[in-house]
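>>> model the structure of this input:
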Amino acid sequence: MPRLKSLLPDLARDTGGVSLVELSLVLPILLSLGFYGTELAYMTMVNMQVSQIAVSVADNASRLGQSENSSVTPTVTEAQVDSVMAGALVEGSSFDFSSNGRIILSSLEKDASSGDQYVHWQRCRGDLAADSAYGTAGTVVSGMGPSDHLITASDGSAVMFVEVYYDYKPLFGTMFMGDTTFHREAAFIVRDDRNLTPGVTGTGGQSSCS
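The predicted structure is shown next:
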């Protein structure tokens with residue numbers, strides 16, 4: 001016991017392991033903050049890319065059927081729609097969009113006889129089970145988009161309206177956040193004359209919503 005008492009002052013003055021002890025106490029906090037920051041950064045990046053997919057599909061779909069021949073009013077074909085959808089899946093391949101996402105492309109048009117806005121045709125791609133928030137092909141709507149900024153089609157034209165859903169899987173499981181489903185929308189007016197009457201022409205399309 002006397003020997004232990006004599007060692008106590010020496011032990012109190014010994015600071016050789018203080019840094020190691022401090023590091024062992026702080027390291028779990030630093031790692032947690034680092035992982036959390038990584039999760040937020042990745043989530044933000046994926047969210048931005050999902051939004052970009054919506055914009056690119058709507059933009060590309062609005063250009064389909066364009067022709068330099070003024071005597072021909074082109075239609076949209078199944079093959080053309082498939083090519084737009086395939087490009088979007090490639091764009092999202094880095095975060096497995098094909099398996100965890102869903103693209104819903106709708107042609108919003110105005111019925112010439114009734115003046116109603118309606119979804120003329122609709123095509124989808126992606127394995128995620130998600131339905132359009134506005135209904136399927138043939139649905140009469142007041143417009144599409146936010147209720148305070150409804151998007152409508154004008155006479156003789158169409159709006160390519162895109163909804164994109166993505167089931168986000170966190171990098172670190174549920175450690176920092178639970179599973180989240182992103183939902184992004186985009187719309188572009190058809191850029192050129194388009195024969196709207198037949199909807200989508202051709203056969204063998206791979207983008208059915210059923």
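>>> show me what contacts the residue nearest to Thr203 when sequence neighbours are not counted?
Leaving aside its chain neighbours, Thr203 sits nearest to Glu78 (6.5 Å; criterion: Cβ to Cβ, 6 or more residues apart in numbering). For the C-beta atoms, the positions are set from N, CA and C on the backbone; glycine is no exception. By Cβ atoms under 8 Å, 6 or more residues apart in numbering, Glu78 lies in contact with 200-207.
>>> now do the phi/psi pair for Glu78.
Phi and psi for Glu78, reported as degrees, to the nearest 10, are phi -60, psi -40.
>>> how about the one 3 residues further on?
With angles defined as degrees, to the nearest 10, Val81 sits at phi -60, psi -40.
>>> may I ask which two of the contacts of Glu78 are separated the most?
Greatest spacing in these, by Cβ to Cβ: Thr201 and Gln206 (15.3 Å).
>>> okay, these two: which has more neighbours?
Thr201 (15 against 12; other Cβ atoms under 10 Å).
>>> identify the bridge partners of that one.
Thr201 has the following beta-bridge partners by DSSP bridges: Thr77.
>>> tell me how far it lies from Trp121.
10 Å (Cβ to Cβ, to the nearest Å).
>>> just Leu31 next, same as before
From Leu31 to Trp121 the distance is 51 Å (Cβ to Cβ).
>>> and these two? Which one has more around it.
Legend: neighbour count by other Cβ under 10 Å for Leu31 and Trp121, higher for Trp121 (19 against 10).
>>> just say helix, strand or coil for the more buried one.
Assigned with DSSP: H, G, I helix; E, B strand; the rest coil, Trp121 falls in the strand class.
>>> spatially nearest residue to it, not counting backbone neighbours?
Distances taken as Cβ to Cβ, 6+ apart place Gly199 nearest to Trp121, at 4.2 Å, with adjacent residues excluded.
>>> remind me which residues of the chain are low pLDDT?
For the chain, applying pLDDT under 70 flags the ranges 1-23, 66-72.
>>> please redo it, this time with the cut-off set to 80
Along the chain, segments meeting pLDDT under 80 span 1-28, 30, 32, 65-73, 173-176, 178.
>>> show me the strands in it, by range?
With DSSP state E, the ranges of strands along the chain come out as 76-77, 101-110, 117-125, 140-141, 158-168, 180-189, 200-201.
>>> list the strands paired with the fourth one, with their directions.
Counting by DSSP bridges, the strands paired with strand 140-141 are strand 117-125 (antiparallel).
>>> before we move on, back to that, now the residue nearest to Trp121: how far from Asp148?
As for Gly199, its distance to Asp148 is 30 Å (criterion: Cβ to Cβ).
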